[in-house]
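Q: Here you go, sequence then predicted model.
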There are 2 protein chains.
Amino acid sequence: MKKYNIPVEAALEVIGGKWKVVILCHLIEGKKRTSELKKLMPGITQKMLTQQLRELEEDNVILREVYNQVPPKVEYSLTDYGWSLKGILDSLCSWGEQHIEKNHPNKEDVLIQPQSIE
Amino acid sequence: MKKYNIPVEAALEVIGGKWKVVILCHLIEGKKRTSELKKLMPGITQKMLTQQLRELEEDNVILREVYNQVPPKVEYSLTDYGWSLKGILDSLCSWGEQHIEKNHPNKEDVLIQPQSIE
DNA sequence: GTCAAAGGTATCAAATTGGTTACTTTTTAG
DNA sequence: CTAAAAAGTAACCAATTTGATACCTTTGAC
């Protein structure tokens, strides 16, 4: 069994990594289909997306709902347990915004403008 | 120049990775020497510790103070900018504690008891 | 029949991260 | 003269993470 030297390591195990916080930040905005998440995160591959979503589901942070139809439809949303991360996620988002403002006078230089999701 | 799809990525660039949050959590408790940090993080190697500390210093989150004496003494502490992360770090720590409590009835099973620092 | 749709696997390759060992520096203690 | 102390660097290798590409499934439209 995994052991921690300090409890915060347990949190990092759940939301650490390159993509999980980003995924969760998008899910705060509401339930999302796989394809919507892919549009919101142009840099992620299908493989990484699926993998990260599976791990978050495993940790009971998100819910995966499969609609039995063709073509398939799958929606992801935060569980109650996932919502307990909201404070952390919000703080991270706004810290990130301030960090950009502090270091990049024109934030347009570093923020890729999101393309509207038609 | 690095580009972000969403501002939270900027925060992850500063405090992401396996060690940085842990280091910062220890520095919240106060200024620490390199050797103290090593004791607090038995799993980290000198190399990784130095590397992560340099990056945090580069991002202006921690301060490195070298005392000109032999044997050398170096102390690390949070900068004002680093303190702006306190809320996030505190929340992460307590979420980690709750996560352990929720998933491990005996938290002794997963928490390596810290050895007293001599 | 065959293409498209959405979501997902499988396989392999590349990049990033982490670990090991040896070496450096300076001054004091023995 | 030699060892020790604290912090660090360099070179090299191993492990983990992440990425790219191709392929699979089901059913309705053309």
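A: That came in fine, so what should we check first?
Q: what residues does chain A put near DNA strand D?
A: A:17, A:18, A:19, A:43, A:44, A:45, A:46, A:47, A:48, A:70, A:71, A:72 (Cβ under 7 Å from any atom of the strand). (C-beta placed from N, C-alpha, C; glycine too.)
Q: middle-most residue in chain A, spatially?
A: The geometric centre of chain A, computed from its C-alpha atoms, lies nearest to residue A:23 (Cα atoms, centre = their mean), at 1.3 Å.
Q: now that residue: how far from residue B:37?
A: The span separating residue A:23 from residue B:37 equals 31 Å under the rule Cβ to Cβ, to the nearest Å.
Q: Show residues contacting stretch A:4-16.
A: Stretch A:4-16 is contacted from outside by A:2, A:20-21, A:24, A:56, A:59, A:61, A:85, A:88, B:16, B:18, B:21-22, B:25-26, B:40-43, B:89, B:92-93, B:95-97, B:99-100, B:110-112, B:114, using Cβ atoms under 8 Å, 6 or more residues apart in numbering or on different chains.
Q: from the residues you listed, which ones fall inside helices?
A: A:20-21, A:24, A:56, A:88, B:21-22, B:25-26, B:40, B:89, B:92-93, B:95-97, B:99-100 (DSSP state H).
Q: Got the phi and psi for residue A:66?
A: Per-residue torsions, residue A:66: phi -100, psi 120 (degrees, to the nearest 10).
Q: what about it, how many neighbours?
A: Applying other Cβ atoms under 10 Å in any protein chain shown, we find 9 residues neighbouring residue A:66.
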